[in-house]
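S.K.: task: produce atomic coordinates for the following.
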Amino acid sequence: MHRPDAHVTDTCGRTQLRTALESLGWTVNPIENDYGSDFEVEVFQAGQSTGVAFKIQLKSSRAPLYSANCDFVSVEISRKSADYMCRELRVPMVLVLADTEQKETFWTVTQLDKNVLQSLQASSGQGSVTFRIPVQNRLPATFENLLLAVGQAETPLSLRSLLSKPLPSFLDSIEGRIDQDQVRDDLRTKSDAIRLQQLRQRLLAGPGDADREQLAKVIADPNASVEIRFWALLIAEDAEAAEASRRQATAEEQARLRLSIADQLRTLTHRGPRHLKFYAVLQKKASELLLLTSRDWSQHINWKLHETEGDALWRTQLAFERARLTRRVARKYNQCARLAAYAAGSEYLSALAQPLVRIALGLTIFVQRLTDQGLTEPAAAYRDSALSICRLAAAAALARGDDEVLTNAAGAGAALAENSESEAYQWAWHAADLVSDSEMKQELRARMESFGRQLDTAAADYEIGIEEEQRIYRSMATALGIDLSTSDDRIATAVRIGIADWDPTRILRNCQHLFVSLGSHGMVGEWLRLPTIGMKFLHCTLHGHTIGGASLDNVYAGFRESYCTSCTDCRPHEADWHYSHEWQRAQNEIHQKFIERGHQM
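M.R.: Numbers count the residues shown, from 1 in each chain. I've put the predicted structure just below:
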């Protein structure tokens, strides 16, 4: 029986592909009866799964169509298959061309091919499209570039799932939904009755032990009404949030705090009353969204810190983790949106303004991330949806006469603005007009004017400060389960020292001759991509002294005692001098010999 040449070529191509990828330790699994896909590849490192996976469509040929100058090879795919590979599939798809005559294997990620995407968008129907695969994309030599491209594709794919359904609008018509005569004032009335509002003001100004004890007693009092205990929990949340802000807690830590209070509200109201139960459910979902979007922002900043550093596999894993988190944000927002839509038509709307604001705030963080990443289409869609929720919350707050929540809604709307001429900013400015308290209105207007100027003069490139980087590392450590408040945990101690030493201003400003180099940073430092966890070496570049250790503060204490106190050549920096990464890079170029000395110690 004669075997067709096409079958031989296909077999050779499959062998070629598997040899290229399996030599890296990856698995290449054939897919049966999957429209448009031939293989599923899972990436392993040192025998361990990395969580990175993608699909492959393989085309094999003994005489592929190379360009005249041989810089790319053309592969023709039916328009229907290309549409599936580029626009319908929600996992990364790699098109591979195996040249079985030359024994060359080339790749491209279909969802990143702008020319094909434009062609598919421009027309539909029958026919075919042509992929041009760069011949520089050879396997297995360029496997790191393949990983990076697969990771790059994950973000638009995760956002595709977000936008697969229209985002809801909550304000088609809210007139007539809020009856002033039926507004429920249980929280406000009960809280006034026991003067909890005065306690709240004292706690926000700076909580004292006596005020904390008084509030804890109200929350735990089994004889107090559900309404009173409910309001006391909300006051406790405000007080704890204010305290967390004063101690510069990370956004994730603050979101976790709010989620903890929301859980307590759910427990308290599991038997009602109904309006408080609805409030607690909405608050919990909003707090979960806020936690996810805070974590998403931290991962985005982490990516910006290291997008050109580290190995390709690590960056690809981070891209996949970010995509998974994006999908979680989508699911959580969908839950919030359903509840918000129900609230919009509910008799309890006036009591739900604050949790609605929290949904908008969580979405605002996500919109900022999308905007910063240049993802304008999904950013615009979510901005519109978040602004719709702000408007709904403002309407509810206005009906209730709650200036504080109305101010919060206006602030959330302003945070969505791209500039002072945008719809979000103009709406927020109008909402500020509706605040009845003149002092509160004046303060809100001042903040908005300052924010508007910042929006209009902001630089196109967002620069991350060292303090923000340190907050990000704290968030990353928390996400890994490291409790930085623990004093007897060696890992937590090492991370705290590493984060503190990320900014060595306090040490280096003492003398212009001081220079810091880094040694090994161990497994925890590798996890966090924080090289200041581990050995640091302090050098005097004038006299050649060097001392090393895990903590720069301890190292400097010994260094100063041994060398600095008797030195007549000390030249402190200016009082306002601050360390920067640019300064460090310049110093690294000058003081290579000290870096090498540290590596040898």
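
S.K.: quick one: contacts for the closest residue to R266 other than its chain neighbours?
M.R.: Once flanking residues are discounted, R266 sits nearest to A280: 4.7 Å by Cβ to Cβ, 6 or more residues apart in numbering. Yep, even glycine has a C-beta here, placed from its N, CA and C like the rest. A280 makes contact with F230, A262, L265, R266, L268, T269 under the criterion Cβ atoms under 8 Å, 6 or more residues apart in numbering.

S.K.: hmm, 10 Å instead?
M.R.: 230, 233, 261-270, 355 (Cβ atoms under 10 Å, 6 or more residues apart in numbering).

S.K.: of these, closest to N145?
M.R.: N145 has its nearest neighbour among these in A262, at 44.4 Å by Cβ to Cβ.

S.K.: could you look up the SS state of the closest one?
M.R.: helix (DSSP: H, G, I helix; E, B strand; the rest coil).

S.K.: okay, it and A249: tell me how far apart.
M.R.: 17 Å (Cβ to Cβ, to the nearest Å).

S.K.: can you list the domains in the protein?
M.R.: With domains defined by automatic domain parsing, the chain comprises 5-141, 180-457, 503-600.

S.K.: quick revisit: how distant is whichever strand or helix holds the residue nearest to R266 from the center of its chain?
M.R.: In this assignment (DSSP states H and E), A280 forms part of helix 274-306. Remark: helix 274-306 is offset 11 Å from the chain centroid, using Cα atoms, centre = their mean, to the nearest Å.

S.K.: again, but for stretch 26-38
M.R.: 32 Å.

S.K.: next, the buried residues of it.
M.R.: Across stretch 26-38, burial judged by 16 or more other Cβ atoms under 10 Å covers W26, V28, G36, S37, D38.

S.K.: residues touching the fourth one, list them.
M.R.: Counting by Cβ under 10 Å, 6+ apart, S37 makes contact with 30-31, 54-58, 84-85, 89, 91, 93-94.

S.K.: before we move on, the earlier item: roughly how far apart are the residue nearest to R266 and Q264?
M.R.: 9 Å.

S.K.: ok, W26 next?
M.R.: Distance from W26 to Q264, counting by Cβ to Cβ: 47 Å.

S.K.: what residue ranges in the stretch 351-500 of the chain score low on pLDDT?
M.R.: Residues of the stretch 351-500 of the chain that meet the criterion pLDDT under 70 lie in 457-464, 479-480.

S.K.: those strands in it, which residues are they?
M.R.: Counting by DSSP state E, counting those that start in this stretch, the stretch 351-500 of the chain has no strands to list.

S.K.: rewinding a little: and the next helix or strand past the helix holding A280?
M.R.: helix 312-344.

S.K.: what helices or strands is that next one leaning on?
M.R.: strand 39-45, strand 48-61, helix 143-162, helix 274-306, helix 353-372, helix 376-400 (3 or more Cβ pairs under 10 Å, 6 or more residues apart in numbering; DSSP states H and E).

S.K.: just name the most buried of those.
M.R.: Among the helices and strands packed on helix 312-344, helix 353-372 has the highest mean neighbour count (mean count of other Cβ atoms under 10 Å), at a mean of 25.

S.K.: now for it, which elements pack on it?
M.R.: Partner elements for helix 353-372 (3+ Cβ pairs under 10 Å, 6+ apart): helix 143-162, helix 251-268, helix 274-306, helix 312-344, helix 376-400, helix 403-415.

S.K.: again, 8 Å this time
M.R.: If contacts are counted by 3 or more Cβ pairs under 8 Å, 6 or more residues apart in numbering; DSSP states H and E, helix 353-372 sits against helix 274-306, helix 312-344, helix 376-400, helix 403-415.

S.K.: now the last one - C-alpha only, PDB.
M.R.: As requested, C-alpha coordinates have been extracted for helix 403-415 and formatted as PDB (Å, rounded to 0.1, in the frame of the first residue of the first chain):
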ATOM      1  CA  ASP A 403     -23.600  64.200  52.300                       C
ATOM      2  CA  GLU A 404     -20.700  61.900  53.300                       C
ATOM      3  CA  VAL A 405     -21.700  59.100  50.900                       C
ATOM      4  CA  LEU A 406     -22.500  61.700  48.200                       C
ATOM      5  CA  THR A 407     -19.000  63.100  48.600                       C
ATOM      6  CA  ASN A 408     -17.600  59.600  48.400                       C
ATOM      7  CA  ALA A 409     -19.500  58.900  45.200                       C
ATOM      8  CA  ALA A 410     -18.300  62.200  43.700                       C
ATOM      9  CA  GLY A 411     -14.700  61.300  44.600                       C
ATOM     10  CA  ALA A 412     -15.000  57.900  43.000                       C
ATOM     11  CA  GLY A 413     -16.400  59.500  39.900                       C
ATOM     12  CA  ALA A 414     -13.500  62.000  39.700                       C
ATOM     13  CA  ALA A 415     -11.000  59.200  40.100                       C
END
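
S.K.: what residues does that helix touch?
M.R.: 353-354, 356-357, 360-361, 364, 368, 386-387, 390-391, 393-394, 396-398, 424-425, 427-429, 431-432, 434-437, 440, 444, 447-448, 451-452.

S.K.: run the last query once more with 6 Å
M.R.: Contact partners of helix 403-415, identified using Cβ atoms under 6 Å, 6 or more residues apart in numbering, comprise 353-354, 357, 360-361, 364, 387, 390, 393-394, 397-398, 424-425, 427-428, 431-432, 435-437, 440, 444, 448, 451.

S.K.: can you list the contacts of S37 in JSON lines and add distance to D221 and pLDDT?
M.R.: Shown next, in JSON lines, are these (distance: Cβ to Cβ, whole Å; pLDDT from 0 to 100):
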{"residue": "P30", "distance to D221": "66", "pLDDT": "91"}
{"residue": "I31", "distance to D221": "62", "pLDDT": "87"}
{"residue": "F54", "distance to D221": "57", "pLDDT": "93"}
{"residue": "K55", "distance to D221": "59", "pLDDT": "94"}
{"residue": "I56", "distance to D221": "64", "pLDDT": "94"}
{"residue": "Q57", "distance to D221": "66", "pLDDT": "93"}
{"residue": "L58", "distance to D221": "69", "pLDDT": "94"}
{"residue": "Y84", "distance to D221": "62", "pLDDT": "90"}
{"residue": "M85", "distance to D221": "63", "pLDDT": "91"}
{"residue": "L89", "distance to D221": "57", "pLDDT": "86"}
{"residue": "V91", "distance to D221": "54", "pLDDT": "88"}
{"residue": "M93", "distance to D221": "60", "pLDDT": "94"}
{"residue": "V94", "distance to D221": "62", "pLDDT": "96"}
